[in-house]
Every structure is written in structure tokens, then in C-alpha cells.
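**Q** Generate a structure from the sequence data that follows.
(4 chains)
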2 protein chains.
Amino acid sequence: MLDPRRLRLLRDLARLGTISAVADAHTYTASAVSQQLSALEREAGVPLLERSGRRVELTAAGHVLVEQAELVLGALEQAAAAVATAGSALSGPLRIGAFPTAVRTLLPSALVALGVRHPGLELHVAELDPAAVPDALRERRIDVGLVQDYDIAPVAPDPALGTADLLDEEVYLAVSATGRIRRIEDAAAEMWIMASPGTLCHTAGLRLAQSAGYAARARHHADDFTTVLALVAADQGVAIVPQLAAYPVPDGVRLIALDTRRRTRVAYRRGSAGHPAIVAAHAALAEAAGNWRAGVPTINQSPRGGDRR
Amino acid sequence: MLDPRRLRLLRDLARLGTISAVADAHTYTASAVSQQLSALEREAGVPLLERSGRRVELTAAGHVLVEQAELVLGALEQAAAAVATAGSALSGPLRIGAFPTAVRTLLPSALVALGVRHPGLELHVAELDPAAVPDALRERRIDVGLVQDYDIAPVAPDPALGTADLLDEEVYLAVSATGRIRRIEDAAAEMWIMASPGTLCHTAGLRLAQSAGYAARARHHADDFTTVLALVAADQGVAIVPQLAAYPVPDGVRLIALDTRRRTRVAYRRGSAGHPAIVAAHAALAEAAGNWRAGVPTINQSPRGGDRR
DNA sequence: GGGCGAGCATAAGATGAACTGATGCTGGAT
DNA sequence: ATCCAGCATCAGTTCATCTTATGCTCGCCC
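**A** Residues are numbered from 1 along each chain as shown, chains lettered A, B, ... in the order given. Below you'll find the model as predicted:
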């Protein structure tokens, strides 16, 4: 009988490309992964890997088994969800991964709500960039995460995940309150405060500037929007800031509405949508998002923006 | 992540009723099964069992998980079949369970064919009564088995198995060549040589006598048809004998065609129909059955029998 | 071409999980 | 009341998984 833990390793090898990368992802040594995959080959009765230079590649049979592995792992997720639904009370760990702004703004009240409604749950929250959420879910480091996309930086859906809508936000150019900038086009000569390269915020910033006809000149990199806004207030540059991070607007900062929006979704492993802990987490987060939405203004004046509202 | 070996134990507990029976079926101790099921409860996060007198019963959540377990186990079988199909050559064990007459008549040539076509296969044959085949497949003691039913003793399909047609045989009353019996109705006063109670042959024999208006008087029990026919030839009684076991007809034995047939099917775990080893085994057995069919006569004269041919 | 590091496979050992055997408790049948 | 069935738990044994060490091949860069 094929072992699901080994199937996961094979699946992740197909995705990550090297045994070392899989070992890192699972906090194992490469040796452990190598031996487990050899054991899987013996179980399967056919070669699944072949040496290719320093690396290994999947054989045709290996690729077939990766596809089947997704079905098996999905069935296991569904089984776990079904049995949790049938149980009378939620218990056990629930690991939530969220980006820093959400941890600051949404998670406090969501955790309180979850703790009151389901005292048996062990709640764990970790800060995690949305781009890292799919891997963390796949590798079972978290059970629920937050993923995002911007109009101007769309993200393809990941087939291993299910998602549910949480937030749809305006996006602003944050500028000094004493400056003369009226539109993003006026910020060509400004210094930009950007997120770390590789993050979606960074990509979105680059593309927004490009849409306005120039390449953003990055002077600072900061991922924490509280820090970003403090720099803007101190006249150290301009920055792209989503709605969730913009309020309360610090003194010295003015917001200019932009022609894009950011969407945030709750993500979980496909098959686990019905798991009551996932359902509960989504409900608590949605409630927190609703409360947040009720407390912040909307400043987008564009006809397109209006249509969206 | 739920462990499939534990899911199998839970599934088998639902079917067998006690932890001791599951332990016997898996050649484990009850203690090992108890501990593994406790571990499954911890994995699942809900109680799956509750004490009921000396025994345990499944909770509602336990029943839900048993249903899900069948899906998971089926997905694993499919994965194994798919990867075996993708491999270039068959290798590994193939365990075939067959009733003694089939082992004697069909298996020799089937094994030769398999050995020639797939030298990487490790072939294992065990004698196994058709009534025991479903459990043996479920418990992975065998990979392919032979199951049967008679018109007069139908057997409900087992949802955990897939099957494929192999043989459709005549059924005879074997009597002494020197006797005066012409029909089964004439055998009311005869001593019967019957199979062991609990076997399908035994049940079919009882029912055939009942259909002829009397209760068969069992004097001997024997499961080996070679022995049965020797006893008939020695005038020790009459017996129900299927076509596969009847030929070559020993001296001193006469066959009377009966108004029922026996069907034999190749059985395997559901989901594993596409496994090339199963495909190969079925093909080899079907070929052997075809060869056997070409070498034996048919003596059934009844219109209904003729229709069937 | 040589040196260095990446990447993997294998062997030996350490650690954790699965299984056995012993024990004690509850229950069901006689 | 007695005996045996059935299970849960504990302690010990056995087996599986993971780590560490080692050696090999490959690929990149100087």
C-alpha cells in the first residue's frame, strides 16, 4: 500500500525540482527524503526517479503517480473534514498564516471570537506573506492562510488550494500632506518606498508606476506599512498602500485613490473546505473584515471605482 | 494526516464487530489494534469508538470515517494501478487465491503463461474457498481471487470488490454407473456426499435436493472433488459436481445434467481493475478457461440448458 | 583544467513508532 | 458465583524513520 507521506514528498519533488529543496520545505535532511523516495519506488514496483546530472527527474511513471497523489491527498483531506464535521466539538490545532497588516487589524477580534465559540481549538497565528501561503498550506505548516491579488498584478489560482472571498480594498498612493502631488503621474520624480522584491505589493507598485509612464525609483524597502506611512509622513517618499493598512491615516500623510483594487481571500487545502475548523476560521475572519469595513471611509472618486462599490 | 493503515483497521472493525476479530484478520494482537485505533482517534480529533459492554461500537463520527476510508483506500488502489500501468515491466508479488479444482485445472497453464510473459512477477498461489475470497482481498492477503455463485445459490456482489466473468459451467449429479438413478428426484433415498457446511457447494447441494422435494441425507463430507468422485465410483453415495471438477469422468461414475449452472468470476479489490498485474492475471486465467472449455463435452439436454449455450 | 560547492545515494547509528506480551478491569453467559 | 470474552494500558521488543557521516558525480566559475 502506497504511503501518503511519501506521496507528498514525490508531489513536492515534482514542484520544487530537487530533493534538497523538498527536504528544506519539510525540515528533513536530503538523506531522509532520498531514502523515503527509494522506499516509495519499492512500494510502487517501478522506477519513479532517474538521475539527471546532479539532480533527479521524475520518470513517466513518477509523473503519473504525482497526479494520483493529488487525488489521494485530496481524499484524505476530505476524510479529515468529514470526520471533524461529524464530531460534536472542535478541538486540536488551527494554524493561521496572515500578512502583518491583517494580523494587526483582523486577527485580534477573529481570535477572540474563535476562542469564545470553540474553546477546544488551539489557535496559532504566524505572519506569512501571501506569496508564501500556497507552499505553507501544501506542506501543512498552516491550515488557513490569506492570499491576495491586485487588478494590476493578478495571481493564477493554485490547483491545490480552495479559497473564499474575504476583502476587496481600495489602493492608494500615500504622499506627504505638504506635497503638491495630485495623481500618480505627478510622482515620477519622487523617491518610492517599496515592499521587498518578490512580494506582490512590490510587483503591484512597479506596475502601477509603469502604467503611469515611468519606472518607480525605489529608495527604501519596508514590508510593514506602519513603517511605510511613517516614512511618507516624514517626507521620505511616496508609497503604494492598500486600504487595510492606510487607516487610521497618520498626520502628515495624504491618500490619493488609484485605479486598482486588492482582493484578499481565505485559502485552505482543497478538500478541506468543509472542515468545521476551516469554516469557523473563515466565519471569524469574515466577521472581523466586516467590522473593519464598517469603520473605514472610501475615497475613490473614479467612475470605475464607483461602479465597483 | 490520517493514516490509511489505521483507516483499514477502523473499516474492518465496522465490518467484523470486535477488536479481537480485526486483530485475528490482520495477524496482530488486540493490543496493537486497540492502540492504533486510539492513535487514529487522536489524529481525527474526535472519539471514533465508545465502550458498549465488553465490546466497542463506532460513534457517529466513526461511521462517517468508515465511509470516507473506503474512498481513501479506493484512491490508493487506483494510484497503485495507475503507476503500475505506467511502468514498463511488471514486477513484484502477485498473490492468487483459487479453489482446489481451479488450482488443479486452470492455474498450471495460467502460471506458465504469466511466468513467460512477465518474468518479473513473483507468483504465489493459495487454495482458498470462494466464500473466503472477499475477506482475503480486503485484508490484502491476496490480489486476485475466484468467486462463484449458482443459479440456485446466488451471492450478492461485495461492494469492496470488482469482478470479471471467467467460467459458466454445467452442474451435474454424479451417480454410480451401475445404479438406476435417472434424475435428481430418484436420489431421495441415496446417501449424499456433500461439501463442508458453510461452503457454497454445500448450500447449492442442499437447495438442489430441496427443489427435487427432499432433504439430502449427508453421509460424507469432502471438499476435494477428486475424492468425491472416487466415493461415487465406489457406490458410497451421490454428489453434486460442477463441470470443471467432473472431467475426466472416472470409471464407475455417470453424470446427470441438472437444471442449474455455476458461474466463476475473477475478483480483485475495487479500484485495482486497471492494475496491469490484475489485467495479466485475468487474461491468463481466461485463456486457461478457454482452453479447458474447448476440451470438455456438454451434456445438458434441457431446453433451458440449450438456450444457455 | 582545476577547485569548489551542489546534489544525491548509501551506510551506520539514534530516535520514534508499531507491535507483543503481561496484566487488570468490566461484561456476559452458564 | 465462576469462567471466559473483550478491551485498555503498561512495559518491553522490534521495526521504521530520520540524522550524521561519507563518498561520488556533476556543474559552475576562475
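
**Q** neighbours of the spatially closest residue to A:Ala233 that is not a sequence neighbour, just the number please.
**A** Counting by CB to CB, 6 or more residues apart in numbering or on different chains, A:Ala233 lies nearest to A:Gly252, which is 3.3 Å off, once chain neighbours are set aside. No exception for glycine: its C-beta is placed from N, CA and C like everyone else's. Counted with other CB atoms under 10 Å in any protein chain shown, the neighbours of A:Gly252 add up to 14.

**Q** go on, the one 5 residues further on?
**A** A:Ala257 has 18 neighbouring residues, counting by other CB under 10 Å.

**Q** So it belongs to a strand, correct?
**A** Yes. The assignment for A:Ala257 by DSSP: H, G, I helix; E, B strand; the rest coil puts it in a strand.

**Q** any idea how far it is from DNA strand C?
**A** Here the distance between A:Ala257 and DNA strand C works out to 45 Å (CB to the nearest atom of the strand, to the nearest Å).

**Q** How about A:Ala294?
**A** With the distance defined as CB to the nearest atom of the strand, A:Ala294 ends up 46 Å from DNA strand C.

**Q** Tell me the confidence at the residue nearest to A:Ala233?
**A** According to the predicted model, the pLDDT of A:Gly252 comes to 91.

**Q** Show me the longest helix that occurs in chain A.
**A** Longest helix in chain A, counting residues (DSSP state H): helix A:60-86.

**Q** That one and chain B, are they touching?
**A** Yes. With CB under 8 Å from any CB of the partner chain as the threshold, helix A:60-86 lies in contact with chain B, specifically through A:60-61, A:64-65, A:67-69, A:71-72, A:75-76, A:78-80, A:82-86.

**Q** Would that helix count as contacting DNA strand C?
**A** No. Applying CB under 7 Å from any atom of the strand, one finds helix A:60-86 out of contact with DNA strand C, separated by at least 11.6 Å.

**Q** hmm, back to that, quick check: the residue nearest to A:Ala233 vs A:Ala177, distance?
**A** In this structure, A:Gly252 and A:Ala177 are separated by 5 Å, where distance is defined by CB to CB, to the nearest Å.

**Q** Sticking with whichever residue of the stretch 101-250 of chain A sits closest to DNA strand C, tell me its helix or strand.
**A** Proximity of the stretch 101-250 of chain A to DNA strand C (CB to the nearest atom of the strand) peaks at A:Arg140, 14.9 Å away. With elements taken from DSSP states H and E, nothing contains A:Arg140; it lies in neither a helix nor a strand.

**Q** now do A:Asp135
**A** Assessed by DSSP H and E, A:Asp135 sits inside helix A:133-138.

**Q** Also A:Ala218?
**A** A:Ala218 belongs to strand A:217-221, assigned by DSSP H and E.

**Q** circling back: check which helices and strands the helix holding A:Asp135 sits against.
**A** Counting by 3 or more CB pairs under 8 Å, 6 or more residues apart in numbering or on different chains; DSSP states H and E, the packing neighbours recorded for helix A:133-138 are strand A:144-150, strand A:253-269.

**Q** deepest of the ones you listed, which one?
**A** Mean neighbour count, computed with mean count of other CB atoms under 10 Å in any protein chain shown, is highest for strand A:144-150 among the helices and strands packed on helix A:133-138, reaching a mean of 24.
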